[in-house]
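J.: Structure for this input, please:
(one chain, ligands or ions: 2)
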Amino acid sequence: MVRTYEAAPGIETLTTPFPIPGYGIVPLNAFLIRGPEPMLVDTGAVFESEDFVRVLRSVIDLQDLRWIWLTHTDFDHVGSLRPLLAANPQLRVVTTFLGAGILSLAAPLPPERLYFVNPGEKLTIGGHTLVALRPPTFDNPCTTGFFDEDSAVLFSSDCFGALLAEVPDRADQLRAEELSEGMVFWTTVDAPWVHAVEPGAFAAALDRIRRLQPRLILGSHLPPAPGHLIDRLLGSVAAARTAPPFVGPDQAGFQQLLQSLASQATHASPG
Ligand SMILES: [Fe+2]
Ligand SMILES: [Fe+2]
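T.: Ligands and ions are numbered 1, 2, ... in the order given. Model (predicted):
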């Protein structure tokens with residue numbers, strides 16, 4: 001179930017807790033930025049598109065939306081893209097040439113619905129200057145987050161995600177170890193290439209984020225994180241580089257997982 005709450009004045013979080021059997025929960029977040037040109041950052045997951053649109057309608061008239069900033073084209077980000085574009089002919093999608101190309105593998109979007117931005121470029125929307133950036137970690141080559149220079153809010157896409165036991169409304173409600181461990185695990189899952197990066201180049205990428213001094217970090221898979229957590233967030237992503245690589249269950253492990261889920265279901269059922 002998608003639910004919504006205010007991440008900061010003028011920014012709604014639309015979130016759903018996505019359980020990963022045997023591991024924990026990953027929040028799936030999208031964000032609505034209010035203002036003269038309302039913008040949605042990502043569009044929820046494919047499996048719950050109807051619910052996402054219903055909840056979005058509860059916080060904004062779809063006809064008022066002007067922009068969708070699509071941080072990348074994964075299934076947990078494009079869920080309601082097509083229905084929202086169909087519902088509002090004025091709505092345009094901020095993405096990259098590569099993002100549009102990947103979307104065209106499902107069905108091309110008309111050129112007038114697209115707006116291309118590359119990392120490093122600026123875009124003024126609703127009076128705010130948004131600087132597009134490639135976050136230090138990502139799982140899709142078209143990934144483009146952004147930093148709002150006026151509000152100092154960082155939209156980091158899949159970077160700074162965490163696997164959690166429960167998902168609070170703010171990242172600073174998590175115990176420090178739970179946040180760090182959940183982030184290291186997530187990063188090894190989402191960016192398995194992190195073990196192969198040149199350490200100096202990776203540290204420089206993390207430093208570029210540190211220098212932004214974000215007041216709020218809004219990641220796709222972490223509760224909203226106030227700026228005072230930035231060193232912890234960056235330290236956790238840095239630690240993923242030397243953490244054990246993630247290896248998912250093999251077939252024997254999968255069978256075991258299915259058995260344990262079945263026995264949990266038996267014990268949980270009332271009769
Ligand atoms: Fe992703
Ligand atoms: Fe994602």
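J.: I figured residue 37 hits residue 128, correct?
T.: No - judged on CB atoms under 8 Å, residue 37 makes no contact with residue 128 at a distance of 9.1 Å. Every residue, glycine included, has its C-beta placed from N, CA and C.
J.: Tell me which residue of the protein lies closest to ligand 1.
T.: residue 74 (3.7 Å; CB to the ion).
J.: Next one: the residue lying closest to that residue once chain neighbours are set aside from residue 92, what distance?
T.: In space, and not counting its chain neighbours, residue 74 is closest to residue 140: 5.6 Å by CB to CB, 6 or more residues apart in numbering. Using CB to CB, to the nearest Å, we find residue 140 at a distance of 20 Å from residue 92.
J.: Near residue 34, how many other residues are there?
T.: Residue 34 has 16 neighbours, counted by other CB atoms under 10 Å.
J.: The stretch 1-150 of the chain: helices as residue ranges?
T.: Counting by DSSP state H, counting those that start in this stretch, the segments of the stretch 1-150 of the chain that form helices are 49-59, 81-87, 97-104.
J.: want to throw the ones you listed into a markdown table with mean pLDDT?
T.: Formatted as a markdown table, these follow (pLDDT from 0 to 100):
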| stretch | mean pLDDT |
| --- | --- |
| helix 49-59 | 98 |
| helix 81-87 | 98 |
| helix 97-104 | 98 |
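J.: So residue 37 and residue 128 - more neighbours on which side?
T.: residue 128 (18 against 15).
J.: Can you name the residues of the stretch 151-271 of the chain that neighbour ligand 2?
T.: 158, 220 (CB under 5 Å from the ion).
J.: for the residue nearest to residue 214 when sequence neighbours are not counted, phi and psi?
T.: Closest residue to residue 214 apart from its sequence neighbours, by CB to CB, 6+ apart: residue 154 at 3.8 Å. Phi and psi for residue 154, reported as degrees, to the nearest 10, are phi -100, psi 130.
J.: That's all I had, so thanks and see you.
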